[in-house]
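Q: missing the sequence, but the structure's below:
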């Protein structure tokens, strides 16, 4: 499974490509072979569809023109963050003018400016040129939005002008409405309306900077490993007697471009009926804690981690608190959407993220993964989750006020 999902013919599983469609087809076949039913419960078809399809809008900049005073700004000194198809501003519109001066923390200042609820032109001092170029590389490609025409627009300009008296902005996006699909199956439990979710994201970043003639970012660890673990757990639980709680197995799309798949999934269920979420991400390499070990992001936000560790007592397996809090991993994967709704939703991982040199590169390949470790991770999750699956363990809810 892991080899198939990370093969070159999947072309890195980027969203909106033939490669990710091929991956979705493969996951559907595996769910069908395992005997899962679609989330809607319709299992009468010879070839049931496990696709959970929804639509988003891809916005690609087609026009960006900015004039400050009498000076026309060069394209490489501009980028825009907006969910609007087009807009045109002149100084009479009284758009906010925000400055990021020399010596300020650019990342923090950018985050603050971006969070503003009013349209704004953000003037960035040339001393931040390197950081500006990095951000521009991301935003100039456009983005994916659920809705078009909502929220404030921000225009970022690299300039030494501190307070231009006049400005003129013309911007337009090319807008495409495109489908995305999660792949979701389930095993109905005796308690039909108490759900336990096992998940992983099956998208990756597609093609990337070429190394030695290789430009396919295969995403073996990120996150073919988590998706494969989820599918193996589906097989395992299907071979067991009917579980007490209903088990949902979800392969999420579009994690790499904003978590759109998990967001849509969360809207299809009542979060109060989801007892726990075991999101699995990058479990193909040993953790810093040694053999047969993994860590849980947001460990302190519920008691799920302690329940898992208690179930592992007397075995060689162990679950630890996230050792990389500075990396903000709890909010960087698909668990965060459900956690914000109060679900004890956490990500299980083992990657040494502060040292991993293959993350988001063309070197994240099957051959570099540790298969004995990966196998032990799947076994550990099956053992650790048993109390929640059987209904004997019910973790505390996440305090929504403490989840940003």
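A: Cool, the structure landed. All figures in this text were calculated on a predicted structure; none of them were measured in a lab.

Q: sec struct for residue 194, please.
A: strand (DSSP: H, G, I helix; E, B strand; the rest coil).

Q: Hmm, residue 273 and it touching each other?
A: Yes. Counting by C-beta atoms under 8 Å, residue 194 does reach residue 273; the two are 6.2 Å apart. Every residue, glycine included, has its C-beta placed from N, CA and C.

Q: Between the two, which has more neighbouring residues?
A: Between residue 194 and residue 273, counting by other C-beta atoms under 10 Å, residue 194 is the more crowded of the two (18 against 14).

Q: Once you drop chain neighbours, what's closest to that one?
A: residue 245 (4.5 Å; C-beta to C-beta, 6 or more residues apart in numbering).

Q: Tell me which residues touch that neighbour, please.
A: Going by C-beta atoms under 8 Å, 6 or more residues apart in numbering, residue 245 touches 189, 190, 191, 194, 195, 196, 275, 388, 389, 390, 391.

Q: among the residues you listed, which ones are buried?
A: Among these, those buried by neighbour count (16 or more other C-beta atoms under 10 Å) are 189, 194, 195, 196, 275, 388, 389, 391.

Q: can you put the residues you listed in TSV and add pLDDT and distance to residue 297?
A: Output for these, formatted as TSV (pLDDT from 0 to 100; distance: C-beta to C-beta, whole Å):
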residue	pLDDT	distance to residue 297
189	97	26
194	98	23
195	98	20
196	98	18
275	98	18
388	98	17
389	98	21
391	97	25
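
Q: nearest to residue 258, of the residues you listed?
A: Of all the buried ones among the contacts of residue 245, the one with the least separation from residue 258 (C-beta to C-beta) is residue 195, at 24.1 Å.

Q: Identify all contacting residues around the least confident helix or strand in the chain by mean pLDDT.
A: Every helix and strand in the chain was compared by mean pLDDT, DSSP states H and E; the lowest is strand 207-211, with a mean of 90. With C-beta under 8 Å, 6+ apart as the test, strand 207-211 has contacts from 11, 12, 14, 215, 216, 217, 360, 361, 362, 363.

Q: Quick check: residue 117 vs residue 96, distance?
A: 10 Å (C-beta to C-beta, to the nearest Å).

Q: Same check on residue 136?
A: 20 Å.

Q: If you count surrounding residues, which of those two has more?
A: Per other C-beta under 10 Å, whichever of residue 136 and residue 96 has more neighbours is residue 136, with 19 against 14.

Q: want to throw the buried ones among the contacts of residue 245 into TSV with distance to residue 265?
A: Output for the buried ones among the contacts of residue 245, formatted as TSV (distance: C-beta to C-beta, whole Å):
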residue	distance to residue 265
189	18
194	17
195	11
196	14
275	16
388	19
389	19
391	23
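
Q: Identify, from those residues, the entry nearest to residue 300.
A: residue 388 (18.3 Å).

Q: Would you check that the closest one makes contact with residue 275?
A: Yes. Contact criterion C-beta under 8 Å: residue 388 and residue 275 qualify, at 6.1 Å.

Q: Pull up the overlap in contacts between these two.
A: Shared contacts of residue 388 and residue 275, defined by C-beta under 8 Å, 6+ apart, are found at 196, 245, 394, 395.

Q: who's the second one bridged to?
A: The residues paired with residue 245 through beta bridges, assigned by DSSP bridges, are residue 191.

Q: likewise the first one?
A: As for beta bridges, residue 196 partners with residue 247, residue 276 under DSSP bridges.

Q: Report the contact partners of it.
A: Residue 196 neighbours (C-beta under 8 Å, 6+ apart): 243, 245-248, 274-278, 385, 388-389.

Q: right, and residue 3 touches residue 366 too?
A: Yes. If you go by C-beta under 8 Å, residue 3 and residue 366 touch, sitting 5.2 Å apart.

Q: the more surrounded of these two?
A: residue 366 (18 against 14).

Q: dump the residue contacts of that one.
A: Contacts of residue 366 by C-beta under 8 Å, 6+ apart are 2, 3, 6, 7, 218, 220, 224.

Q: Among the residues you listed, which one sits closest to residue 102?
A: residue 218 (41.6 Å).

Q: distance of the residue at the greatest distance from the centre of the chain from residue 93?
A: The centre of the chain is farthest from one residue, residue 70, which by C-alpha atoms, centre = their mean lies 42.5 Å away. Noted for residue 70: a distance of 19 Å to residue 93, by C-beta to C-beta.

Q: Repeat that for residue 162.
A: For residue 162 relative to residue 93 (C-beta to C-beta), the value is 20 Å.

Q: Can you tell me the element the residue lying closest to residue 272 once chain neighbours are set aside falls in?
A: Excluding its sequence neighbours, the residue lying closest to residue 272 (C-beta to C-beta, 6+ apart) is residue 342, at 7.4 Å. For residue 342, there is no host helix or strand (DSSP states H and E).

Q: My read is that residue 342 contacts residue 396, right?
A: No. Contact criterion C-beta under 8 Å: residue 342 and residue 396 do not qualify, at 10.0 Å.

Q: Between those two, point out the one with more neighbours.
A: Each of residue 342 and residue 396 has its neighbours counted (other C-beta under 10 Å); residue 342 has more, 18 against 13.

Q: what residues are up against that one?
A: Contacts of residue 342 by C-beta under 8 Å, 6+ apart are 271, 272, 397, 398, 399, 400.
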